[in-house]
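Colleague: Okay, predicted coordinates and the sequence, questions at the end:
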Amino acid sequence: MAGTVRADASDRRHNRKLLVSVFDPQEAREAVLGGARIVDSEDPSSALGNIKPQAIMSIADAVLNYTRDNEVQLSTNIGEDQLLFRRTDTGHAVEKSPYEIAGKASQAALGVAVSMGTRVHPCNIVKVGLDGMYLPILKESLTEVVQTLNRTEQFSHSQVMAVLFVQDLVLWRERKNNPLVVRELVALREFSPTTTATPIEDTIDLPDYYQYLTDADGNPLFDHRPDLQELITAEVLPAWSDSTRVKINDPFPHSEFGLTPAERTDREAIKKMVDATADSGADGLMLDTSILFKVARVGLVDTTETGNGDGPSIVDFNRFDITGTGPDTLVRKGILSVQDIRFFVDYCHYRGVEANLAGSLQSYQAQQIWRLVPENDQVSTRGGASAIRLDPSVPPGDDDPVASRRDQVMMRQLVRGLVPPEHGGYLWLPKKMRSVEGVDKAVDRLLETFPDITSVFWADEYGQLEPF
C-alpha cells in the first residue's frame, strides 16, 4: 500500500524534490545541507515576496560554492500580484491593462532568470504568482512568460511554475479578528488605508498596534502612539489619508475570478487552475496559501482523519499544533484533504504538469504526504523549516527572541524533516506539542501506519532537536 512503500536514494520510481525558500546566502547553505533540491529566493515578508536581483545572485553563489549530495536547481518568484494596480488621487486602486500586466510579468521573469544564471543548473525555475486574476488574464500573462523565456538563447531551458492560492473563507472570517493574527498582519503591512467616510466595522485603529510597525530592517518605527501625520511621514499611510483606521486585507474570493462559487477551494477550482497552467505551456503548478492564511495558522493540508478505508489514513497532528493561550488560542487547520491532494497530483499528471504542494507544510504533514501520495513531485517550505535566530554573543535570557515570520531563519536540521524519505527525511514535531494530551498515541499510530519512519524528534522554538 502507498503508506508502507519504502524508498531509498537509488529509487527511480519518482523524482521527488523539496523546495526551500531562503532570503540570504546563509539560509541557502542551510537548505543545501538539509537536503533541498530546489533553493528558492524569496522575501519572507509575504507568501511570494519579491527579492532584489543582487540577493538572488548571492544565493546562487552560495549554492554554487557548496558540495551537494543531489543536483540542486534554483528558483525565484516574480511576486504574487501581477495586476499592477495604480492609485488615483483619491487613493482608489485601478487595474492596468492585460497587455501591460503580461508585459511586466515577462520582463520580471527575464530579470530573475538573468539573476539566477545557469552556473548552478541549466534548468532553473521562475515562479509566477497568479492570485486574484481572471482566468483569461491569468492565461495570457502566464503564456507570455513561458513564450518569452522559450525565445531566449540562454534561458530557453528555464521552467515556469504557476503559483495559485487555496482558500477557506469561512475559516478566514473566523480568525481574521484574532489579536494574534491582527498583530502579525500589521507587522507585515497587510492592511489597506481607509477614509473617514469608511464604516468602522471590520477596521482597526492603527495607533493601537504601533509597537508592531517596523522599518525594512525590522526596527521599531515608533516608541509612542503616533498620530495621523506621523504615520504619513513614516510612509505607513499614504499622503491622502484622513484617518488612522485601516482595514485588514482579505483574500481574493475564487467566486469573483471564475474558479468556483464555493467558499473553499474545491475540485472544480483545482481543475481550472491546472487547466490554465497546462494551456499556458507552464511546467508546473504550486498550490500555496496566501500570507493571510499563513498568519491565521491555516495551511494547505487538512489532517482530519477520514477513516474511509481508501488506503492508510493521515494521522491528525494539526489538532495538537496550538498557538497562543486563552481566548486567543489558534489550533492549526488545513484546507485540502489527502483525497483532494491526490486529485490535484493525478490531474496535474494527466495534463502533463508537475505538482507542487506548499502552504505552511510541517514535517508531520510532509512525511505523511510523501507516503500517502507518493506520485507528488514537489513539496515547498519556508516557515516549516525555520526557527528563532539566537545571537551567540548574547547570554541566554538577556535577549527576548522575536518569533515573527520575518525574523525566523532556515535551519538544516528542520529542513531534513521535510525532504522525502529517499533523501534521508525524518519526522520532527514541535516541542510545544509534548504537553498536549493524546500526542503520544498519535505518534504510536503514525509509526504503526508508516513503519519505515524510524526517527522521530522534538524540535524547540530555536530549532534544536532531541529524540522523541
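Modeller: Looks like it came in fine. Numbering: from 1, shown residues only.

Colleague: For the rest of this, base every contact and every neighbour count on C-alpha atoms.
Modeller: Will do.

Colleague: Contacts for the biggest helix by length in the chain, please.
Modeller: In the chain, taking DSSP state H as the definition, the longest helix is helix 98-116. For helix 98-116, the surrounding residues in contact (C-alpha atoms under 8 Å, 6 or more residues apart in numbering) are 53-54, 56-57, 60, 74-78, 82-84, 124, 126, 137, 140-142, 144-145, 148-149, 155, 158.

Colleague: Drop anything exposed from the residues you listed.
Modeller: For the contacts of helix 98-116, a burial check counting by 16 or more other C-alpha atoms under 10 Å picks out 53, 56-57, 60, 74-78, 82-83, 124, 126, 137, 140-142, 144-145, 148-149, 155, 158.

Colleague: so where's the protein uncertain?
Modeller: Residue ranges of the chain with pLDDT under 70: 1-12, 45-49, 80-95, 99, 307-311, 396-407.

Colleague: now the helices for the chain?
Modeller: Residue ranges of the helices in the chain, as given by DSSP H, are 25-34, 53-64, 98-116, 135-151, 169-175, 179-187, 228-233, 267-279, 291-295, 338-350, 363-372, 412-415, 439-449.

Colleague: Adding distance to residue 255 as columns, could you present these in CSV?
Modeller: Below are these laid out as CSV (distance: least, C-alpha to C-alpha, whole Å):
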stretch, distance to residue 255
helix 25-34, 37
helix 53-64, 35
helix 98-116, 20
helix 135-151, 12
helix 169-175, 11
helix 179-187, 24
helix 228-233, 35
helix 267-279, 9
helix 291-295, 18
helix 338-350, 19
helix 363-372, 28
helix 412-415, 36
helix 439-449, 37
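
Colleague: wait, which of those is closest to residue 331?
Modeller: Residue 331 lies closest to helix 169-175 among the helices of the chain, at 10.5 Å (C-alpha to C-alpha).

Colleague: buried stuff in stretch 178-186?
Modeller: Neighbour count says stretch 178-186 has 180-186 buried, by 16+ other C-alpha under 10 Å.

Colleague: List just the nearest of those residues to residue 267.
Modeller: residue 181 (28.3 Å).

Colleague: how far away is the closest one from residue 382?
Modeller: Relative to residue 382, residue 181 is positioned 19 Å away (C-alpha to C-alpha, to the nearest Å).

Colleague: and if you look at residue 63?
Modeller: 17 Å.

Colleague: show me the contacts for residue 380.
Modeller: 18-21, 356-359, 361.

Colleague: out of those residues, which are inside strands?
Modeller: 18-21, 356-357 (DSSP state E).

Colleague: Among those residues, which one has the most neighbours?
Modeller: residue 20 (32 neighbours; other C-alpha atoms under 10 Å).

Colleague: I'd guessed that one sits against residue 31; true?
Modeller: Yes - in this structure, residue 20 is within contact of residue 31 by C-alpha atoms under 8 Å, at 6.3 Å.

Colleague: Show me the domain layout of this structure.
Modeller: For the chain, the structural domains run 2-172+251-392+401-467, 191-248, going by automatic domain parsing.

Colleague: on that earlier part again, between residue 20 and residue 31, what contacts are shared?
Modeller: Counting by C-alpha under 8 Å, 6+ apart, the residues touching both residue 20 and residue 31 are 39, 415.

Colleague: before we move on, back to that, ok now the longest helix of the chain, how far from the chain's centre?
Modeller: Counting by C-alpha atoms, centre = their mean, to the nearest Å, helix 98-116 is centred 21 Å from the centre of its parent chain.

Colleague: hang on, the earlier thing: tell me which of the domains of the chain is the most buried.
Modeller: Highest mean neighbour count among the domains of the chain (mean count of other C-alpha atoms under 10 Å): domain 2-172+251-392+401-467, with a mean of 20.

Colleague: Run the chain-centre distance for that domain.
Modeller: Per C-alpha atoms, centre = their mean, the centroid offset for domain 2-172+251-392+401-467 relative to its chain is 5 Å.

Colleague: bridging residues for the closest residue to residue 203 other than its chain neighbours?
Modeller: Closest residue to residue 203 apart from its sequence neighbours, by C-alpha to C-alpha, 6 or more residues apart in numbering: residue 247 at 4.5 Å. For residue 247, the beta-bridge partners under DSSP bridges are residue 192.

Colleague: I'd say residue 247 and residue 189 touch.
Modeller: No - counting by C-alpha under 8 Å, residue 247 does not reach residue 189; the two are 10.6 Å apart.

Colleague: Relative to residue 320, how far out is residue 335?
Modeller: 17 Å.

Colleague: go on, residue 284?
Modeller: For residue 284, the distance to residue 320 - C-alpha to C-alpha - is 33 Å.

Colleague: Could you do residue 202 as well?
Modeller: 30 Å.

Colleague: now swap in residue 162 and tell me
Modeller: Residue 162 sits 32 Å away from residue 320 when distances are taken as C-alpha to C-alpha.

Colleague: try residue 264
Modeller: Distance from residue 264 to residue 320, by C-alpha to C-alpha: 23 Å.

Colleague: Also residue 373?
Modeller: 23 Å.

Colleague: Over to residue 247?
Modeller: Residue 247 is 31 Å from residue 320, by C-alpha to C-alpha.

Colleague: for residue 52, same thing?
Modeller: 38 Å.

Colleague: one step back: could you dump the contacts of residue 380 to TSV with distance to residue 170?
Modeller: Below are those laid out as TSV (distance: C-alpha to C-alpha, whole Å):
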residue	distance to residue 170
18	30
19	29
20	29
21	29
356	25
357	22
358	21
359	17
361	21
